[in-house]
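>>> kindly generate the corresponding structure for this input.
(2 chains)
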Amino acid sequence: MDVERKLAILADAAKYDASCASSGTERRDSSDGKGMGSTAPGMGICHSYAPDGRCISLLKVLLTNACNYDCLYCVNRSSSNVPRARFTSDEVVKLTLDFYRRNYIEGLFLSSGIIRSADYTMEQVVSVARKLREQHHFRGYIHLKTIPEADDALITEAGKYADRLSINIEVPEEDSLARLAPEKNVRAIRRTMGRLRLKLDEAQEDQATATKAKPPRFAPAGQSTQMIIGADAASDKTILDTSANLYGSYKLKRVYYSAFSPIPDSSRALPLSPPPLVREHRLYQADWLMRFYGFDAGEIVDPTRGMLSLEIDPKLAWALRHRDRFPLDIATASREDLLRVPGFGTKAVDRIIATRRVTSIRVADLARLHVPAKKALPFIVLSDFKPSPHQLDDARLAERFKPKAEQLGFGF
Amino acid sequence: MHLITLDSQTDFEGWRTAARSLVLHEVKPTDVTWIVRGDESELFAPAAEALPLETPLGTFQATFNVSAKFVELAQSAILHRDPERFAMLYRLLWRLRGHHHLLEVATDPDVALLTVMAKAVRRDEHKMHAFVRFREVGREQKAHYVAWFEPEHHIVELAAPFFARRFADMPWSILTPDACAHWDGHAVSITPGVGKAEAPTEDRLEETWRRYYASIFNPARLKVKAMQSEMPKKYWRNLPEASLIKPLIAGAERLTGAMIANAATEPHKSQKRPEPSMKHETSGDIATLREEAADCRACPLWKDATQTVFGEGPPHARIMLVGEQPGDKEDLAGKPFVGPAGQMLDRALQEAGIDRTKVYVTNAVKHFKFVPRGKIRLHQKPATPEIKACRQWYERELAAIKPALVVAMGATAAQSVFGKITPINKNRGQLIELEHGIQALVTVHPSYLLRLPDPDARALEYQRFVDDLRIVAAMLKKHAA
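The predicted model follows:
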């Protein structure tokens, strides 16, 4: 089989992993004249976008899509009849360097089906990173999938070469994983995440206290995970509680939500329907509320429903459930409260706080603050505006925000 | 009217020198016209008169400062393609002198507009870093990498150093209609713009790259608008993969429909199950207990925790130390007393003359109870039902190890050891008889010492804790004798 055919199979096999981040790592470049590559620590670079709206930042492939496991949601499960292929480590190294040299990618995201054993698989994955870093002095970004229960020495070596490591939690509830992926074990996944966090903490601590000796490098861009949405019956509340637990326990940089998507040769035990993309989008918004807006997992989802609204965003939904806390006077409200106003992003809040020290804010200013007036106005008081006192009590307020029915299409 | 001629579209220093002089001469923004050399013909000069630029700038300089923020804004905005940008920046500079906080006012029309322009320039730079596609000219050692790009703003010089740092080991050129950047392995050079015909039209890797692009695309989640907002059509003509966009969209619905409609094929071979791993024959009771406890579901705490943290130490230790529950670090490592309280315990044990490797260390509750708060986990005291549910493990550990002395550290441990709520202060420091000839000692939990805010109280309480441990040490010695 030629390399292009392998690439087609092994990229196809890798595309259900949503992560594409290439940011948040250490600063590196090749200006010492040795090797090639650099990182973009502040803001990752997306070199292309596919018509699925996802960015293409890394060469995202599996080393092999042969797998011992039979996870029902997975295109590579052992009982599927998809064509199988396996790269040699040199083939992946060459593809990475060739693509990188033409500025197609930021680096490599390498994963693999489980073959033989966890240690064997992990060693194969690590060997690609080792060659890139040690033989070719590749300075670009590397994301490696960590195989749960792999030997500690292999994980340490993976962290030495990789910018990011990840292990997928797969589904939000332990019971459904047992049903959908009988060979996988949430406890093993969590234990490995715990090991990664201890190593991440250790590398950070050493960095802070190191006097002369260089601290052992360990995945400077941290660890992340992914949850599949819609393959089981878990509610949005369960999903967000699981995320909060994972963020707190393992200091994950990101939890990715991946709407369960029909796959070729799909298992009969799973929903055969288009992926719940709007739900996925709402979960990302809720995730942002937890990480950047001071919301607790428990208050984002309406406790009486357990699910996020598909029609309106979770912050607006929260504000409509807590109308007694509004309207908020922009001139005096605290940063924490401003972050809870529908339509206010973190940057808009920064701009409001800087501006109000100097001058008052009027309705006409909202556009220059990049705030959608229609969404925010019912909830705020400005120097020349006060929402009508009845508006917040109006049972129809929520209706105003629901999207009007429109013809479905691809807008192309 | 003053006419200022700048050397080039990106002549920030020229603009800065002229603007400084104009402000010091109190020339109003409405009285200045800005042009770039080479563009003069577009104006009906020579109606304007040149400003005498030999003004003694040095003497004025000290009285005229602008914030670093303005300089940063101006350096970006001046690269915008809008010909009005020089005048707009001068107007803002003029207004800044009387209004020092003007840049903080995001709602000011001048500030808002120039901020948007600076942002557009930075975005364009970012997109250039992303969408430049090098094509190989010549092979192997003699290869030169050449790209054609059409930036929206005057960003070639701004964006070039990024490529020099990234592709230091290869000679490259980025050709654009405005200016071209070249790297020879040592330095970046800038030459005038050229036409697209100068650039190579293909590369041997592009077919492979397109193959990848088509394979990584998921036809079941078509989101064309999301793609276009990040990769607008204006860039498509120079992206080798963009020729696939239309056919991929056209085929997506059909492919997805087929995936949904076609039921799975029968697995072509019998499902191969991995053989169950050979479990080590357990060498003693404690090892068996530990394995059993790993799957404990006797209370709900297992669910949020990482793992069961079982006791650790010699299987027939004379001393058994019992704490409350594992903390954050213990939960991650799967070992008892390895976090801050563990370090405190180690120190005290050493001071009392006890070798930790000779004692069995465990907890009354074997899963970490916490609530997540952002990036940390807040420790929660275990409740009585959890202590009761977990007590079976303590009892079985006790039966397996048969120590001479059990040390209960803290209220939770005391509750587990005595089977009822047992106040610490009333009972501490004295040996209490348990069943089967086992004795018990009650003391505080080491984390209690960590929480005391007053350093004097902490030193005093630490000493009392060590004193309690000395009773343990004395007993150990007696047994050894």
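
>>> biggest helix in the chain by residues?
Assuming you mean chain A. Residue-count comparison of every helix in chain A, with assignments taken from DSSP state H, identifies helix A:186-209 as the longest.

>>> let's do chain B instead
Every helix in chain B considered (DSSP H), the longest is helix B:455-480.

>>> quick one: mean pLDDT over that helix.
In this model, helix B:455-480 has an average pLDDT of 91.

>>> and that helix, what does it pack onto?
strand B:319-323, helix B:340-352, strand B:405-409, strand B:439-443, helix B:446-451 (3 or more Cβ pairs under 8 Å, 6 or more residues apart in numbering or on different chains; DSSP states H and E). C-betas here are computed from N, CA, C, even on glycine.

>>> let's see it at 6 Å
helix B:340-352, helix B:446-451 (3 or more Cβ pairs under 6 Å, 6 or more residues apart in numbering or on different chains; DSSP states H and E).

>>> could you give the mean pLDDT of the shortest one?
Helix B:446-451 shows a mean pLDDT of 94 in the predicted model.

>>> buried sites along it?
Within helix B:446-451, the residues that count as buried by 16 or more other Cβ atoms under 10 Å in any protein chain shown are B:Pro446, B:Ser447, B:Tyr448, B:Leu449.

>>> tell me how far the first one lies from chain A.
Computed with Cβ to the nearest Cβ, to the nearest Å, the distance linking B:Pro446 and chain A is 21 Å.

>>> same question for the second one.
Distance check for B:Ser447 against chain A: by Cβ to the nearest Cβ, it reads 19 Å.

>>> give me the most central residue, chain B.
B:Lys375 (11.7 Å; Cα atoms, centre = their mean).

>>> if we can go back for a sec, tabulate the helices and strands packed on helix B:455-480 (TSV), appending distance to A:Glu299.
Below are the helices and strands packed on helix B:455-480 laid out as TSV (distance: least, Cβ to Cβ, whole Å):
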stretch	distance to A:Glu299
helix B:340-352	31
helix B:446-451	29
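
>>> quick check: closest non-adjacent residue to the residue of the stretch 351-481 of chain B found nearest chain A.
Minimum separation of the stretch 351-481 of chain B from chain A (Cβ to the nearest Cβ) falls at B:Pro372, amounting to 3.0 Å. The spatially closest residue to B:Pro372, leaving aside those adjacent along the chain, is A:Gly248, at 3.0 Å (Cβ to Cβ, 6 or more residues apart in numbering or on different chains).

>>> same thing with A:Met122?
Across the structure, with Cβ to Cβ, 6+ apart as the measure, the residue nearest A:Met122 apart from its sequence neighbours is A:Ala150 (3.7 Å).

>>> sec struct for the one you found, please.
coil (DSSP: H, G, I helix; E, B strand; the rest coil).

>>> domain map for chain B?
According to automatic domain parsing, chain B is divided into the following domains: B:2-126, B:132-198, B:206-246, B:278-480.

>>> so which of the ones you listed gets nearest A:Ala259?
With Cβ to Cβ as the criterion, A:Ala259 lies closest to domain B:206-246 of the domains of chain B, at 6.9 Å.

>>> can you name the residues that contact the residue of the stretch 351-481 of chain B closest to chain A?
With contacts defined as Cβ atoms under 6 Å, 6 or more residues apart in numbering or on different chains, B:Pro372 is in contact with A:Ala244, A:Asn245, A:Gly248.

>>> tell me the one of those nearest chain B?
Compare each of these with chain B using Cβ to the nearest Cβ and the shortest gap goes to A:Gly248, at 3.0 Å.

>>> mind checking pLDDT for the closest one?
95.

>>> check what contacts the helix or strand hosting it and list those residues.
Taking DSSP states H and E as the definition, one finds A:Gly248 inside helix A:236-250. Residues from elsewhere that reach helix A:236-250 (Cβ under 6 Å, 6+ apart): A:172, A:193, A:197, A:252, A:255, A:286, A:297, A:301, A:306-308, B:304, B:372, B:377.

>>> helix, strand or coil for A:Lys404?
When states are read from three-state DSSP, the local structure at A:Lys404 comes out as coil.

>>> if I look at it, how far off is chain B?
Summarising the geometry, the distance separating A:Lys404 from chain B, computed by Cβ to the nearest Cβ, is 17 Å.

>>> thinking again about what came up before, report the two of the contacts of helix A:236-250 separated the most.
For those, with distances taken as Cβ to Cβ, the pair at the greatest spread is A:Arg197 and A:Met307 (30.4 Å).

>>> neighbour count winner among these two?
Neighbour comparison, A:Arg197 and A:Met307: the larger count goes to A:Arg197, with 21 against 13 (by other Cβ atoms under 10 Å in any protein chain shown).

>>> which non-adjacent residue is nearest the more buried one?
The shortest distance from A:Arg197 to any residue that is not its chain neighbour, by Cβ to Cβ, 6+ apart, is 4.6 Å, and that residue is A:Tyr250.

>>> what does A:Tyr284 give?
Excluding the flanking residues, the one nearest A:Tyr284 by Cβ to Cβ, 6+ apart is A:Tyr257, at 6.1 Å.

>>> where's the one you found, which helix or strand?
Applying DSSP H and E as the criterion places A:Tyr257 in strand A:254-259.

>>> quick one: residues in contact with that strand.
A:18-19, A:224-230, A:243, A:246, A:275-277, A:280, A:283.

>>> partners of it in the sheet?
According to DSSP bridges, strand A:254-259 has the following sheet partners: strand A:223-229 (parallel).

>>> now do the strand it pairs with and helix A:186-209, the angle between them.
Taking axes from the mean of the first three to the mean of the last three Cα atoms, to 10 degrees, strand A:223-229 and helix A:186-209 form an angle of 150 degrees between their directions.

>>> which stretches of chain A have low pLDDT?
A:208-215, A:405-412 (pLDDT under 70).

>>> at the contact with chain B, which residues of the stretch 201-350 of chain A appear?
Within the stretch 201-350 of chain A, the positions adjacent to chain B are A:244-245, A:248, A:251, A:261-262, A:264-268, A:272, A:275, A:277 by Cβ under 6 Å from any Cβ of the partner chain.

>>> which one of those is nearest to B:Val407?
Nearest to B:Val407 among these: A:Gly248, at 31.4 Å, using Cβ to Cβ.

>>> tally of neighbours for B:Arg458?
Other residues within reach of B:Arg458 by the criterion other Cβ under 10 Å amount to 15.

>>> pull the helix or strand with minimum mean pLDDT from chain B.
None of the helices or strands of chain B scores lower by mean pLDDT, DSSP states H and E than helix B:57-61, at a mean of 45.
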